[in-house]
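K.L.:
One predicted model, sequence on top.
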Amino acid sequence: VLPRAPSGDMLVSREGFSLAGLPPGATLGTSSVRREKQLRRLRPDLRVQELRGNVPTRLHKLRDQPGLAGIVLAEAGLHRLGYLDDRARLEGLHAVSLAEHILPAVGQGIVALQARAGDHATEAVLAGINHPATWLITRAEREFLRLLDGDCLLPVGVRTSLTGDQLRMETHLFEAENFRNADVICNSQYPEQAALDLYKKLYA
């Protein structure tokens, strides 16, 4: 895995709204159930409209639909496409971080490379560019999703941080009408154990 890009989400709007500053009953666009559930928990008055397409298409739809107050996009995507380095590319739109409020998807902002089993030459090349800290975080988050028997459609957010030898994981999970949350701090040498501890605490 390569070094993780910023893992949070961003609210993009014409006015530069923060989450708290959105007008009552405002409509936001996103195709992510995870984002929708967390947004509705924080602002039950908001309306969420399904929005699909690549990043430029979604930005275009925001400009063309006056009834759409904003859209929610991954910061990593905006960053990698150059929208945050050159704000002029947003063409009058403004992006505000939601990282403080919304937990990201498992692996959000992480680019992973995969080799065929037994292809030791390729594995050696990949080992040379592997980012150790991101690799620990990836192992923890993927194991947690495996324990949940989840996929990209499961409305679960996970925030994982690494400080020295401590790995912290925090999660918000939505199951039908139930909301669960938990967090743990574990030894970073055992990321799969951290995931297991988080899973057990979530259902304690």
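P.N.:
Arrived safely. Numbers count the residues shown, from 1 in each chain.
K.L.:
Contacts only, for the spatially most central residue of the chain.
P.N.:
The residue lying closest to the centre of the chain (Cα atoms, centre = their mean) is Pro104, at 2.4 Å. Pro104 is in contact with 7-9, 74, 157-159, counting by Cβ atoms under 8 Å, 6 or more residues apart in numbering. (C-beta placed from N, C-alpha, C; glycine too.)
K.L.:
If you rank those by neighbours, which is first?
P.N.:
Asp9 (29 neighbours; other Cβ atoms under 10 Å).
K.L.:
For burial, what's the neighbour tally of the nearest residue to that one once chain neighbours are set aside?
P.N.:
Nearest residue to Asp9 in three dimensions, chain neighbours excluded: Leu98, at 4.6 Å (Cβ to Cβ, 6 or more residues apart in numbering). By the measure other Cβ under 10 Å, the count of residues near Leu98 is 22.
K.L.:
Now the phi/psi pair for Phe179, please.
P.N.:
phi -120, psi 130 (degrees, to the nearest 10).
K.L.:
show me the contacts for Val1.
P.N.:
Here Val1 is in contact with 110-113, 130-131, 134-135, 138 (criterion: Cβ under 8 Å, 6+ apart).
K.L.:
run the last query once more with 10 Å
P.N.:
Contacts for Val1 (Cβ atoms under 10 Å, 6 or more residues apart in numbering) come out as 107, 110-113, 126, 129-139.
K.L.:
What of Arg14?
P.N.:
62-63, 66, 68-70, 90, 92-94.
K.L.:
Leu126 and Leu113 touch, don't they?
P.N.:
Yes. Contact status for Leu126 versus Leu113: in contact at 5.4 Å, counting by Cβ atoms under 10 Å.
K.L.:
Who has more neighbours out of those two?
P.N.:
Per other Cβ under 10 Å, whichever of Leu126 and Leu113 has more neighbours is Leu126, with 15 against 11.
K.L.:
How much space separates the more buried one from Arg14?
P.N.:
42 Å (Cβ to Cβ, to the nearest Å).
K.L.:
that older thread, for the residue nearest to the centre of the chain, grab phi and psi.
P.N.:
phi -80, psi 170.
K.L.:
Surely Thr122 is in a strand?
P.N.:
No. Counting by DSSP: H, G, I helix; E, B strand; the rest coil, Thr122 is not part of a strand but helix.
K.L.:
how many other residues sit next to it?
P.N.:
13.
K.L.:
if I pick the nearest residue in space to Glu123 that is not next to it in sequence, what's in contact with it?
P.N.:
For Glu123, ignoring the flanking residues on the chain, the nearest one in space by Cβ to Cβ, 6+ apart is Ala115 at 5.2 Å. By Cβ under 10 Å, 6+ apart, the contact list for Ala115 reads 121-127.
K.L.:
want to try CSV for these, with distance to Arg41 and pLDDT as columns?
P.N.:
CSV is the format used below for these (distance: Cβ to Cβ, whole Å; pLDDT from 0 to 100):
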residue, distance to Arg41, pLDDT
Ala121, 48, 96
Thr122, 43, 96
Glu123, 42, 95
Ala124, 46, 95
Val125, 44, 95
Leu126, 39, 95
Ala127, 41, 94
